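Visitor: below: sequence and its predicted model.
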Amino acid sequence: MESADFKEKLDPTIRFIFGQPADTKVLEDKGNFVSNKKTNAFNKTDKEACEWVLLSALLSFQDRVRSEGGNAVINIESYYKKNAFISTSEYECHAGAIIAGVALKGDVVKLAE
């Protein structure tokens, strides 16, 4: 998430926390949501396609945070085919010759500043 595309497109006032957050104070829970995105992987490396589709999933969460009045998504986990994979540093992406997909599940919340 340190690449220029992520920094340019993701709102820095919205926090994305993968795995179980240890030091967050939730003021309001807005609900648990899933973002399931696919992208064209043709003529892209698996890494490029997976990063692109991850960004798309996070942008979907960003829109949800704004519409729900939150400021973060916490407990983000990969949720491909409804199978949870929890990590603070990795996500699950399925990339093929034509399509790459990422599914994430997380809690939209309002955190204490």
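Guide: Right, received. Where do you want to start?
Visitor: most distant residue from the middle of the chain?
Guide: Distance from the C-alpha centroid of the chain, by Cα atoms, centre = their mean, peaks at residue 43 (23.7 Å).
Visitor: parallel or antiparallel, which strands does the top strand by length along the chain pair with?
Guide: For the chain, the longest strand by residue count, based on DSSP state E, is strand 26-40. The strands beside strand 26-40 in its sheet (DSSP bridges) come out as strand 99-111 (antiparallel).
Visitor: give me the contacts around stretch 40-47.
Guide: For stretch 40-47, the external contacting residues (Cβ atoms under 8 Å, 6 or more residues apart in numbering) are 49, 52, 93, 95-100. Where you see a C-beta, it was placed from the backbone N, CA and C, and this is true even at glycine.
Visitor: ends of that stretch, what's the gap?
Guide: By Cα to Cα, to the nearest Å, the extent of stretch 40-47 from end to end equals 13 Å.
Visitor: list the buried residues for that stretch?
Guide: Residues of stretch 40-47 classed as buried: 41, 44 (neighbour count, 16 or more other Cβ atoms under 10 Å).
Visitor: also stretch 53-70?
Guide: Buried-residue list, stretch 53-70, by 16+ other Cβ under 10 Å: 53-62, 64-65, 68, 70.
Visitor: now stretch 18-30
Guide: Under 16+ other Cβ under 10 Å, the buried positions of stretch 18-30 are 18, 21, 30.
Visitor: nearest to residue 84, of these?
Guide: Nearest to residue 84 among the buried residues of stretch 18-30 is residue 18, at 12.2 Å by Cβ to Cβ.
Visitor: can you tell me how far the closest one is from residue 83?
Guide: For residue 18, the distance to residue 83 (Cβ to Cβ, to the nearest Å) stands at 16 Å.
Visitor: same thing with residue 45?
Guide: Plainly put, residue 45 is 25 Å away from residue 83 if you go by Cβ to Cβ.
Visitor: among the contacts of stretch 40-47, name the ones in helices.
Guide: 49, 52 (DSSP state H).
Visitor: just name the closest of the contacts of stretch 40-47 to residue 35, please.
Guide: Out of the contacts of stretch 40-47, the member with the shortest distance to residue 35 (by Cβ to Cβ) is residue 93, at 13.0 Å.
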